[in-house]
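Peer 1: I need the structure of the sequence given here:
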Amino acid sequence: MTLGPWLATAEERLAEAGIESGRLEAQVLAGHILGVDRTWVLAHPEATLPEARAGALLARRIRREPLAYILGYREFYGRRFLVSPAVLIPRQETETLVEAAIALGSTPMAVLDLGTGSGILAVTLKLERPAWDVTALDVSLTALMVAQQNAEALGADVRFCLSDAFAALGERTFDLIVTNPPYIGVGEPLMPEVGQFEPSLALFAGPTGFSFYERLAAEGLRKLNGGGRMMMEVGHTQAADVANLFVEQGWVHFDTVADLSGTPRVVVVGR
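Peer 2: Sure thing, here's the model as predicted:
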């Protein structure tokens, strides 16, 4: 099949499946199959597309499998990160957490990425602040394997450790802890791409979505050096409640940072 008719058919079928950006995604899939960019795809409607492979990938997307898992990567902070169903798909709002962290300056410090997933925070912070000593933890071995691949591919010297929260750290303490923890309540309605395909361990945190924050508030203070900070991504309605939770546990709330849409997205606490 030639590219032009396939794109038209793919766009129509994606729209029927409830995918709003069907035209764009059809072009991205075609480019992925042919190993070219979207500009080339648009300029060559007469090109031949391998019909069997194109149909198989299109069928996966129609079943609402996330495009990032089909492609095997997602861009984050200007870099390409490998992703798989073992890890959450990087999202633009998490770049707010990166910006808040690197705003601390370039002074050498010990940094912990708690629940690293694909490694986007640990790897990005190490590349943006080479003097920082970065450790990344996750309770999932398969997630750590993806994070390690990303660190190696992008040349980031990050230390990885299998750990349930702080359990494997011993007496180590840090100047900065960053985390994008699970913060969705069990039973909350989700897009099929999220609820059916992304790892539940990285999504859900008890009935209210606060159970991991409660654990961080109870255990995290002893892992911070004097003057240290913890920066946490939060759900779009959670910032004030998360800040209050930490204050009640003896923390100081230093700041809440909004993402590009103006949504309070990162809560900063410390000693």
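
Peer 1: Give me the residues contacting the helix or strand containing residue 125.
Peer 2: Using DSSP states H and E, residue 125 falls within helix 120-128. With contact meaning CB atoms under 8 Å, 6 or more residues apart in numbering, helix 120-128 is reached by 76-77, 79, 81, 90, 94, 97-98, 101-102, 111, 113, 116, 132, 134-136, 147, 150-151, 154-158, 178-180. C-betas here are computed from N, CA, C, even on glycine.

Peer 1: Which of the residues you listed fall within helices?
Peer 2: Taking DSSP state H as the definition of helices, those contribute 97, 98, 101, 102, 147, 150, 151, 154.

Peer 1: And the buried ones among those, selectable in ChimeraX?
Peer 2: To isolate the buried members of the ones in helices among the contacts of helix 120-128 in ChimeraX, using 16 or more other CB atoms under 10 Å:
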select :97,98,101,147,150,151,154
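
Peer 1: Quick check: the most centrally placed residue in the chain vs residue 241, distance?
Peer 2: For the chain, residue 90 is the residue whose C-alpha lies nearest the centre (CA atoms, centre = their mean; 3.0 Å). Per CB to CB, to the nearest Å, residue 90 is found 25 Å from residue 241.

Peer 1: cool, residue 231 as well?
Peer 2: 17 Å.

Peer 1: So which of those two has more stuff around it?
Peer 2: residue 231 (24 against 15; other CB atoms under 10 Å).

Peer 1: Are we agreed that the more buried one is in a helix?
Peer 2: No: applying DSSP: H, G, I helix; E, B strand; the rest coil, one finds residue 231 to be strand, outside a helix.

Peer 1: In contact with it, which residues are there?
Peer 2: Here residue 231 is in contact with 97, 100, 101, 176, 177, 178, 179, 266, 267, 268 (CB under 8 Å, 6+ apart).

Peer 1: And the first one, what's its pLDDT?
Peer 2: The pLDDT attached to residue 97 in the predicted structure is 98.

Peer 1: surely it meets residue 268?
Peer 2: No: using CB atoms under 8 Å, residue 97 is not in contact with residue 268, being 9.8 Å away.

Peer 1: how about the ones in helices among the contacts of helix 120-128, which pair is most distant?
Peer 2: 102 and 147 (19.1 Å; CB to CB).

Peer 1: What are the neighbouring residues in contact with the residue lying farthest from the centre of the chain?
Peer 2: For the chain, the largest distance from the centre (CA atoms, centre = their mean) belongs to residue 46, which lies 37.1 Å off. Contact analysis of residue 46 by CB under 8 Å, 6+ apart lists 2, 3, 4.

Peer 1: That one: which element?
Peer 2: When elements are assigned from DSSP H and E, residue 46 belongs to no helix and no strand.

Peer 1: Can you name the residues that contact the closest residue to residue 238 other than its chain neighbours?
Peer 2: Nearest residue to residue 238, sequence neighbours excluded (CB to CB, 6 or more residues apart in numbering): residue 183, at 6.3 Å. Contact analysis of residue 183 by CB under 8 Å, 6+ apart lists 205, 209, 210, 212, 213, 233, 234, 235, 238.
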